[in-house]
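Asks: Sequence and predicted model, in that order:
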Amino acid sequence: MRQVASGDRGVYATLVAHHLAPISAYAQRMTGNAANAEDITQEVFLRLWVKAGEFDATRARLTTWLHQMAHNLAIDQHRKRHREVSLDVIDVPDPTVTTDSDEQTHPVARALLQLPERQRSALALTYYQDLSNREVANIMGLSTRAVESLLVRARSAMKIRLEITQ
Amino acid sequence: MTAERLTQERAKALIMAYGADPNRWPPEWREPLSLALANDPALRACVAVEAKLDQLMASESSQLPITVDSILSFTDRSVAPTDKKQTKLDLSVEPSRAVLERLIDWLCFSGAQTARRGFAMAGLSLAVGIGLGLGVAVPSEDEWVASEQYVFALVEEVQADG
């Protein structure tokens, strides 16, 4: 990261190549929209280039740092679309999330997009991004117990939407 | 291992949070959960349901058609690669403002003096104002008279009712 901070484009390109797939997949799962996900992904890697000097390897892994930026950008984007909505109702399912094409979207992706933002984020980070519960808690600014609670609610809602029974 | 005691309720919550795959369970809970599962049919039933969800979730893969080259090009367009200090961006800037700034930069052929940027900004605002002004339809004198007559008629009607 010191090399990136000092302007080494080769190292930067290597880091982009290594982290592009997980970051873009997370952005896609959070937004359900390729254009918005691409904006978030580009912004994350632009910040990696511009703010490389601020990264502290003793505090977090690089992937956690990048996911945190992607998470914050996704939340910002979501809130810009819902400025009039009180933050108190952030756990309410989001009917205004627009996907590129409902017919082409995988049923799991559709069910994921219908989850409230924080539940969607907790599930995507834990299940798809393979981050530990502590890393997810750090990214979301919550305790691990709070993340677990979000996960239980998220998975319960997914089971209902995907009609999974005993 | 963890100091916290694993009750059936806690075991169920952990399985419902992290799914059926022990590799996804928090490391400190793997051993106690495995032991609890061996002795508790209700927990095994819970794992079976979560396994179905895990299987469905694993069948979804999300990939954006975005390449490393496109990211590098975006970074190039956004910052000058040779001088990082010069190119520190205010990333909190509103997108609409960023577009306006780029338009002004383009009008000024990039890197012009501040005064020239000011003139460009004023000129652009004036042009937008004139453009909007030309689009406003001004009612004719007859139309004004007709609308005024209508208002006076209403006032008279209200007075008559009163």
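Replies: Done, it's in.

Asks: so where's chain B uncertain?
Replies: Judged against pLDDT under 70, the low-scoring parts of chain B cover residues B:1-3, B:80-118, B:120, B:135-162.

Asks: repeat that with 80
Replies: Where chain B drops to pLDDT under 80, the residues are B:1-4, B:62-63, B:80-125, B:127-129, B:131-162.

Asks: same thing with chain A?
Replies: In chain A the weaker segments, taking pLDDT under 80 as the threshold, are A:1-2, A:81-105, A:165-166.

Asks: What parts of chain B come near chain A?
Replies: Proximity of chain B to chain A is confined to B:13-14, B:16-19, B:24, B:26, B:45, B:48-50, B:52-53, B:56-57, B:59-68, B:70-72, B:74-75, B:78-79, B:81-82, B:84, B:87-89, B:91 under the rule C-beta under 8 Å from any C-beta of the partner chain. Every C-beta, even on glycine, is put in place using the N, C-alpha and C of the backbone.

Asks: What's the ChimeraX syntax to select whichever of these are buried?
Replies: In ChimeraX syntax, the buried subset of the residues of chain B next to chain A is picked out as below (16 or more other C-beta atoms under 10 Å in any protein chain shown):
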select /B:13,14,16,17,18,19,24,26,49,50,53,56,57,60,62,64,66,71,72,74,75,78,79,84
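
Asks: Just the ones of the residues of chain B next to chain A in strands?
Replies: Secondary-structure check on the residues of chain B next to chain A using DSSP state E: no residue lies within strands.

Asks: What helices and strands are in contact with the longest helix along chain A?
Replies: When chain A is parsed with DSSP state H, its longest helix is helix A:9-31. Here helix A:9-31 touches helix A:2-5, helix A:34-50, helix A:62-81, helix A:107-113, helix A:117-123, helix B:68-78, going by 3 or more C-beta pairs under 8 Å, 6 or more residues apart in numbering or on different chains; DSSP states H and E.

Asks: And the residue nearest to A:Glu148 when sequence neighbours are not counted, how close does it get to B:Leu124?
Replies: With C-beta to C-beta, 6 or more residues apart in numbering or on different chains as the criterion, A:Glu148 has its nearest non-adjacent residue at 4.4 Å, and that residue is B:Ala17. When distances are taken as C-beta to C-beta, to the nearest Å, B:Ala17 and B:Leu124 turn out to be 54 Å apart.

Asks: what do you get for B:Asp54?
Replies: For B:Asp54, the distance to B:Leu124 under the criterion C-beta to C-beta works out to 56 Å.

Asks: Among those two, which residue is more densely surrounded?
Replies: A side-by-side neighbour count of B:Asp54 and B:Leu124, using other C-beta atoms under 10 Å in any protein chain shown, places B:Asp54 first with 18 against 14.
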